[in-house]
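> 3D model of this:
(2 chains)
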Amino acid sequence: MRIGDLVAALVWLTVASYVTLDGWKMGLGSLNDPGSGFMFFWVGAIMMGLSLAALGAALREPAGEALATLWAGTRWWLVPYVTVLLALYAWLLPTLGFLAATMLLLCILFKTVDPMGWLASLFAAVATSLVSYVVFHRWLGTQLPAGQIKDWIAPWIF
Amino acid sequence: MDLLSSMALGLSVALQPINLLYCFAGVFIGTLVGVLPGIGPVAAMSLLLPVTFSAPPEAGIIMLAGIYYGSMYGGSTTAILVNIPGEAASVVTCLDGHQMARQGRAGPALGIAAMGSFIAGTLAVVGLMLVAPTLARWAVKFGPAEYFSLMVLGLSVLTYLSHGPLLKALIMACFGLVLGLIGIDSINAMPRLTFDRMELVDGVGLVPIVMGLFGIAEILSNIERSISREIFAQRITGLMPTRRDWKESAGPLARGSLLGFVLGVLPGGGAVISSFISYALEKRLSKTPETFGKGAIAGVAGPEAANNAAAGSGFIPLLTLGIPPNVVLALLLGAFIVHGLQPGPLLMLQNPNIFWGIVASMYIGNVMLLILNLPLIGMWVQVLKVPYKILFPVIVLFCLIGVYSLSNSIFDIYVMILFGVLGYLMRKLGYEPAPLVLAFVLGPMMENNLRKALIISDGSFWIFIDSKLSLACLALAALLLATAIIPLLRIRRTKIAMEPG
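Reported below is the predicted structural model:
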């Protein structure tokens, strides 16, 4: 875990330094009238101290195994894959609308992570999307994006 | 208003048809998410928070509270039948509950878990009813210094009890505080760490962070390893424990209820730690400690009573001080605020119908849970048979809908994904998300109280020492954190450290 701890401590140290500096820039005010940056500065400073301590602790650890061992024997590639799919979903949601975007996302997830057959994936995706649309949008009144597909299709139909 | 008339008021609120319906929905969904591994009360409450917008505040809060204590009931079913805890608080139930199931005693195990949960849950509500008014009257006298110190103590205890190194938990708490302070400064309206994004002016949302850290991160962790579940295949009969079972369980139930109630009130304490301590206590007190881990019913009764009592008593600091003792109740605090209510000492005076309505609904909810759990065991077993490859895309979808619908913001979905990846990496590297979330919720309140206290005292830190309560809280917090540098105490902490609820 040494390398993992080292990397993490360095990341937190960077974050803490940024927060401390930003707190300073915002203004600390005075003790009888603390400014906007007062809390940021001191929390950032404490976090810097803790990150430095974590860095020191990681450096004192024996070299240990490589960072990659954390993912040994796992299907690690699924993590970035699903993350990218979710980000794409968020990007497409306003355009495609809830129903189309959700069917697409679910179909890909059903088909590619622990794969099911095409027909089963398609059926599960369509059924889940429709049921969730009816339950959340129609029954519970949740606002879900309609998308622009209707606007694109309308001129072709009418 | 005396206790009886308060309770009558509460019952008149809780027994309204709409509140009964929301209470039923809450405990049903709570049981369901407790049964299903991979989705917990935090994710379920986040998902359903927008649904409560159109409901009266008391109905919404009753439902969300029902999800919380309902999940404690449901968690034991998975633990006993599949040996996978549906909830962190049911980890200990796996030890003896699953062994009982393997010996053909799944029925009594499920029965004692449900009835023990009912008894402890009801006792906790009685305790809440008796303790909360006194504490609220006392809390009215608290000033900013006392509140600040109480929050420091709560955060310190949670950090202390977190799984893994204290340094990492403290870093998480600091990061949570920073995240909580993003947005417009409430005192002088200055934007802070908003990176010129309009979406960040009001701060980062609690729900996207919680859904990311607990929902998406859990899914990412689960999909990288193949999950296989060995579901108990035999027909479950004889849910009623025998007279001997009751005799063996009576002591553990009583002790578990008391222990859970006390630990649930403490900031940072909660259902998980109380169930572990109850198990350890019962094993120590037992005349046959060697039977623990091999199907001892006391090993199911004690921890189940403890986690349900803690779930009930956790409402005391939230409702009387406005300080959530754990992550789930931090989310409930968010729900109160969304509904225009401020939990704290004045809630009981300004909104007695809501306060007592919630308390009364917990009695009713516990009865509903008992009815739901025993006859519907067969249905919960069927739910458990749904393969994870079908379950996880549905959970992802729930997370997406829950986050989007809160403020109709695509930006919130990106925040959730970001925190999902962060939560996944944090798990890999041994960082606990619970201190982050509690610090995120407490951050703005802590800053507000700190600044107010300093303004009142004209910049003197003596205000935190002048008050006995404030001094005691800060001293206790300092003592706990000192364990990070005192090796002997650090070893003791490692022994009792566990994942907080």
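> Next, count neighbours for residue 134.
No chain was given, so I picked chain A. By other CB atoms under 10 Å in any protein chain shown, the residues close to residue A:134 number 11. Yep, even glycine has a C-beta here, placed from its N, CA and C like the rest.
> nope, chain B please
Neighbours of residue B:134 (other CB under 10 Å): 10.
> mean confidence for the host helix or strand of residue B:160?
Using DSSP states H and E, residue B:160 sits in helix B:144-161. Confidence for helix B:144-161, expressed as mean pLDDT, is 84.
> Show me what that helix packs onto, helices and strands only.
Judged by 3 or more CB pairs under 8 Å, 6 or more residues apart in numbering or on different chains; DSSP states H and E, helix B:144-161 is in contact with helix B:166-181, helix B:315-321, helix B:433-456, helix B:463-466, helix B:468-482.
> could you redo the ones you listed as a markdown table and give each row distance to chain A and mean neighbour count?
Shown next, in a markdown table, are those (distance: least, CB to the nearest CB, whole Å; neighbours: other CB atoms under 10 Å in any protein chain shown):
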| stretch | distance to chain A | mean neighbour count |
| --- | --- | --- |
| helix B:166-181 | 4 | 25 |
| helix B:315-321 | 21 | 24 |
| helix B:433-456 | 4 | 23 |
| helix B:463-466 | 11 | 17 |
| helix B:468-482 | 11 | 16 |
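> Now tabulate these in JSON lines and tack on mean pLDDT.
Putting those into JSON lines (pLDDT from 0 to 100) gives the following:
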{"stretch": "helix B:166-181", "mean pLDDT": "92"}
{"stretch": "helix B:315-321", "mean pLDDT": "88"}
{"stretch": "helix B:433-456", "mean pLDDT": "89"}
{"stretch": "helix B:463-466", "mean pLDDT": "91"}
{"stretch": "helix B:468-482", "mean pLDDT": "88"}
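> Show me the one of the ones you listed that comes nearest residue A:54.
Evaluated over the helices and strands packed on helix B:144-161, closeness to residue A:54 peaks at helix B:166-181, with 5.0 Å, by CB to CB.
> neighbouring contacts of whatever helix or strand comes next after that closest one?
Downstream of helix B:166-181, the next assigned helix or strand under DSSP H and E is strand B:183-184. Contact with strand B:183-184 is made by B:190-192, B:194, B:200-204, as judged by CB atoms under 8 Å, 6 or more residues apart in numbering or on different chains.
> Show me the longest helix that occurs in the chain.
Using chain A. helix A:78-112 (DSSP state H).
> my bad, chain B
helix B:106-139.
> hmm, back to that, nearest to residue B:388, out of the contacts of strand B:183-184: which one, please.
Nearest to residue B:388 among these, with distances taken as CB to CB, is residue B:204, at 30.1 Å.
> can you pull the contacts of the closest one?
Residue B:204 makes contact with B:179, B:182-183, B:415, B:440, according to CB under 8 Å, 6+ apart.
> Can you give me the neighbour number for residue 34?
Since no chain was named, I'll use chain A. Applying other CB under 10 Å, we find 23 other residues in the vicinity of residue A:34.
> my bad, the chain I had in mind was chain B
Count around residue B:34 with other CB under 10 Å applied: 32.
> Could you pull up the contacting residues of the closest residue in space to it that isn't next to it in sequence?
Closest residue to residue B:34 apart from its sequence neighbours, by CB to CB, 6 or more residues apart in numbering or on different chains: residue B:74 at 2.3 Å. Shown in contact with residue B:74 (CB under 8 Å, 6+ apart): B:30-35, B:86-87, B:373, B:380.
> Can you give me the neighbour number for residue A:118?
Neighbour tally, residue A:118, other CB under 10 Å: 11.
> Confirm residue B:426 sits in a helix?
Yes - secondary structure of residue B:426 (DSSP: H, G, I helix; E, B strand; the rest coil): part of a helix.
> so it sits right up against residue B:437, yeah?
No - with contact defined as CB atoms under 8 Å, residue B:426 does not reach residue B:437; the gap is 11.7 Å.
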